[in-house]
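**Student:** Okay, structure incoming, though there's no sequence with it:
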């Protein structure tokens, strides 16, 4: 037996229960891994609350990324061996001491990357990578708006976008977070609690607007974000930490300048093994080079995942948070 956080009914952080679970042996194409660190992400709260439905219903083990060591491999697994350091994104069930995973969905962790960084960078780092490299290929001269600049994805994206030569405008909700974002590559950071971010973006860009706006906040930044984008620019809502956008009328994209819009998710960008490997390689390389630093700002025991969720939803965390089994 091993321990895991189990959700029997959706709701608040109190539904996260620390319980004994049976793991078993890996089947064909699978591996059993022992977690050394587990990443905390806002999407975890969506599954816990019921906003997103767990694929196999209730009960379920939450968590979507982790790092650890291979303990056993199943028949046909040749790319992994016992003792390998691995990490993975996007496989529900990470809030556990041990688990079974599809061997094709994990990647080996280079020696230059420690376990806590690996656990905390897979979802957030890969998200930053697809946003900046594929959803909108950011280059020198690109001007972007990134909401939640001091969040986990935001701090990685700021550094990476700076590395690519972009001008980056971020938003944050306190002076401490403004300074944190500035220290992570942002050219300009707007405190949305004391400044009108639409007016400030127009001021910073000389009235032109940005090429692309990345928004994981949702309800609280809509529709203002659309007024920050120049005609024919791209709006990328990729999350909804403040709640979902409701009553969206497609015609508003016309009214705001024939804007383009996409609602992406990481899982489509890494659905193929080749894409997963390329994304991981690009992420590991930019971190190992020193251009992007993964700062683990908070650690909680995995057994206290409920407290971690409370702090995350209360906007008391910054950057990367990991849970330690």
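**Tutor:** Received it, and whenever you're ready, just let me know what you need. As the structure is a computational prediction, the values presented were derived from the model and not from experiment.
**Student:** Need the nearest residue in space to the residue of the chain most remote from its centre, chain neighbours excluded.
**Tutor:** Relative to the centre of the chain, and counting by C-alpha atoms, centre = their mean, the farthest-placed residue is residue 75 at 32.2 Å. Leaving aside its chain neighbours, residue 75 sits nearest to residue 28 (4.3 Å; criterion: C-beta to C-beta, 6 or more residues apart in numbering). Quick note: C-beta positions are derived from backbone N, CA and C, even for glycine.
**Student:** List the buried residues of the host helix or strand of residue 253.
**Tutor:** Per DSSP states H and E: residue 253 is located in helix 251-255. By neighbour count on 16 or more other C-beta atoms under 10 Å, the buried set for helix 251-255 is residue 253.
**Student:** which is the next helix or strand following it?
**Tutor:** Next helix or strand after helix 251-255 toward the C-terminus (DSSP H and E): strand 260-261.
**Student:** Quick check: which helices or strands does that next one pack against?
**Tutor:** Packing contacts for strand 260-261, counted by 3 or more C-beta pairs under 8 Å, 6 or more residues apart in numbering; DSSP states H and E, involve strand 229-237.
**Student:** partners of the strand it packs on in the sheet?
**Tutor:** Here strand 229-237 is paired, per DSSP bridges, with strand 210-215 (parallel), strand 260-261 (parallel).
**Student:** for those, which one sits closest to residue 103?
**Tutor:** Closest to residue 103 of those is strand 210-215 (C-beta to C-beta; 32.4 Å).
**Student:** Show me the contact partners of the closest one.
**Tutor:** Defining contact as C-beta atoms under 8 Å, 6 or more residues apart in numbering, one finds that strand 210-215 is touched by 131, 136, 138, 142-147, 157, 169, 201, 221-222, 225-226, 228-230, 233-239.
**Student:** distance between that strand and the chain's centre?
**Tutor:** Relative to its chain's centre, strand 210-215 lies at 17 Å (C-alpha atoms, centre = their mean, to the nearest Å).
**Student:** need the contact list for the residue nearest to residue 75.
**Tutor:** For residue 28, the contact set (C-beta under 8 Å, 6+ apart) comprises 74-77.
**Student:** and those residues as CSV, adding distance to residue 305 and secondary structure?
**Tutor:** CSV is the format used below for those (distance: C-beta to C-beta, whole Å; DSSP: H, G, I helix; E, B strand; the rest coil):
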residue, distance to residue 305, secondary structure
74, 28, coil
75, 33, coil
76, 33, coil
77, 29, coil
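**Student:** Closest one to residue 309 out of the residues you listed, please.
**Tutor:** residue 74 (32.5 Å).
**Student:** in the stretch 101-250 of the chain, which spans are helices?
**Tutor:** Applying DSSP state H, counting those that start in this stretch to the stretch 101-250 of the chain gives helices spanning 115-130, 152-163, 175-182, 197-204.
**Student:** can you state the direction angle for the longest one and helix 152-163?
**Tutor:** Using axes from the mean of the first three to the mean of the last three C-alpha atoms, to 10 degrees, the inter-axis angle of helix 115-130 relative to helix 152-163 is 60 degrees.
**Student:** Would you mark the buried spots in helix 115-130?
**Tutor:** Neighbour counts over helix 115-130 (16+ other C-beta under 10 Å) mark 115-130 as buried.
**Student:** just the second one next, same as before
**Tutor:** Within helix 152-163, the residues that qualify as buried by neighbour count (16+ other C-beta under 10 Å) are 152-163.
**Student:** With distance to residue 252 and pLDDT as extra columns, can I get those residues in JSON lines?
**Tutor:** Formatted as JSON lines, the buried residues of helix 152-163 follow (distance: C-beta to C-beta, whole Å; pLDDT from 0 to 100):
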{"residue": "152", "distance to residue 252": "29", "pLDDT": "88"}
{"residue": "153", "distance to residue 252": "25", "pLDDT": "93"}
{"residue": "154", "distance to residue 252": "25", "pLDDT": "94"}
{"residue": "155", "distance to residue 252": "30", "pLDDT": "94"}
{"residue": "156", "distance to residue 252": "30", "pLDDT": "95"}
{"residue": "157", "distance to residue 252": "25", "pLDDT": "98"}
{"residue": "158", "distance to residue 252": "28", "pLDDT": "98"}
{"residue": "159", "distance to residue 252": "32", "pLDDT": "98"}
{"residue": "160", "distance to residue 252": "30", "pLDDT": "98"}
{"residue": "161", "distance to residue 252": "26", "pLDDT": "98"}
{"residue": "162", "distance to residue 252": "31", "pLDDT": "98"}
{"residue": "163", "distance to residue 252": "33", "pLDDT": "98"}
